[in-house]
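Q: Test case, fold it:
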Amino acid sequence: MQGGDADRSPARSYLYYRHSLPVRLMHWTNVVALTILLMSGLQIFNAHPNLYWSGKSSYTGAPPVLAIGARQSPESGVIGTTRIFGHEFNTTGVLGVSRSPDGELSARAFPWWMTIPDNPWLSMARAWHFFFAWVLLINGMVYVAYGAAAQEADGGWPITWDPPSAASRLEWRGIVTLGALRTLTSYGRLAPSTDARGDLRTVR
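A: Numbers count the residues shown, from 1 in each chain. Prediction:
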């Protein structure tokens, strides 16, 4: 006679997607856009690697809060330095001085592998930066419009997968609806009025 454990069937795995394909594509578009915005922004920063506080700048003679640069050291030669609130740190190899693709030491705030483009080219970095800023903005507008258009007749939002039970369907639909309401409210797309049945409606 076999034991109870032997009679049990193995646990069934359940794979489902909590986001529809358009939402996943828009999320990954944000990942790409934000990554390029960061890397091109670092290249723009390389043109003048200093940050000032409260409207002060080099024109007023105020020292920067953060400065990344290079200087000559009697012991080590050229070293990279990062100065924060007047305190200097040796950051050779990462910030200030790093190796170029050919292996030679190069004086630049952020290394070539962290920037777009990889060579010091301010105008091209600005072009990349502004283009993907528009990509991020348009993608966000499409995301908000898509979320508003997905609202159903009863005021809720659908779930895009098949839950394992009816109770799970009701629970997840409430969670998805609350998330959509938060997003639309933050972007001013949720109307303060209700329809004839008292259901919240969104601005189309």
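
Q: Just give the number of residues close to L95.
A: Residues lying near L95 (other CB atoms under 10 Å) number 21. Placement of C-beta: from N, CA and C, glycine included.

Q: typo on my end, Q43
A: 26.

Q: Am I right that it is in contact with P111?
A: No - contact criterion CB atoms under 8 Å: Q43 and P111 do not qualify, at 10.9 Å.

Q: what kind of secondary structure is G93 in?
A: Per DSSP: H, G, I helix; E, B strand; the rest coil, the local secondary structure of G93 is coil.

Q: tell me the contacts of it?
A: G80, R99 (CB atoms under 8 Å, 6 or more residues apart in numbering).

Q: Would you map the strands across the chain?
A: Taking DSSP state E as the test, the strands found in the chain are 50-51, 66-73, 77-84, 87-90, 96-99, 105-108, 190-194, 200-202.

Q: could you dump those to CSV with distance to P22, mean neighbour count and mean pLDDT?
A: Shown next, in CSV, are those (distance: least, CB to CB, whole Å; neighbours: other CB atoms under 10 Å; pLDDT from 0 to 100):
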stretch, distance to P22, mean neighbour count, mean pLDDT
strand 50-51, 38, 14, 92
strand 66-73, 40, 16, 92
strand 77-84, 43, 17, 92
strand 87-90, 46, 11, 94
strand 96-99, 40, 21, 93
strand 105-108, 40, 17, 91
strand 190-194, 20, 11, 52
strand 200-202, 17, 17, 50
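
Q: Mind putting these into CSV with distance to L38?
A: Formatted as CSV, these follow (distance: least, CB to CB, whole Å):
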stretch, distance to L38
strand 50-51, 16
strand 66-73, 16
strand 77-84, 18
strand 87-90, 22
strand 96-99, 17
strand 105-108, 16
strand 190-194, 31
strand 200-202, 32
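
Q: so which of those gets nearest I36?
A: Nearest to I36 among those is strand 105-108; the distance by CB to CB comes to 18.9 Å.

Q: What lies in contact with that closest one?
A: N46, G69, A70, V78, G80, G96, V97, S98, R99, S100, W112, P120.

Q: now those as JSON lines including distance to S106?
A: Shown next, in JSON lines, are the contacts of strand 105-108 (distance: CB to CB, whole Å):
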{"residue": "N46", "distance to S106": "11"}
{"residue": "G69", "distance to S106": "13"}
{"residue": "A70", "distance to S106": "9"}
{"residue": "V78", "distance to S106": "10"}
{"residue": "G80", "distance to S106": "10"}
{"residue": "G96", "distance to S106": "10"}
{"residue": "V97", "distance to S106": "7"}
{"residue": "S98", "distance to S106": "6"}
{"residue": "R99", "distance to S106": "7"}
{"residue": "S100", "distance to S106": "4"}
{"residue": "W112", "distance to S106": "8"}
{"residue": "P120", "distance to S106": "9"}
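
Q: ok, so of those, who is nearest L178?
A: N46 (43.3 Å).

Q: which ones are touching the spatially most central residue of the chain?
A: The centroid of the chain falls nearest to L34 when counting by CA atoms, centre = their mean (4.7 Å). The neighbours of L34, taking CB under 8 Å, 6+ apart as the test, are L136.

Q: Could you do S76 as well?
A: So S76 contacts T92 (CB under 8 Å, 6+ apart).
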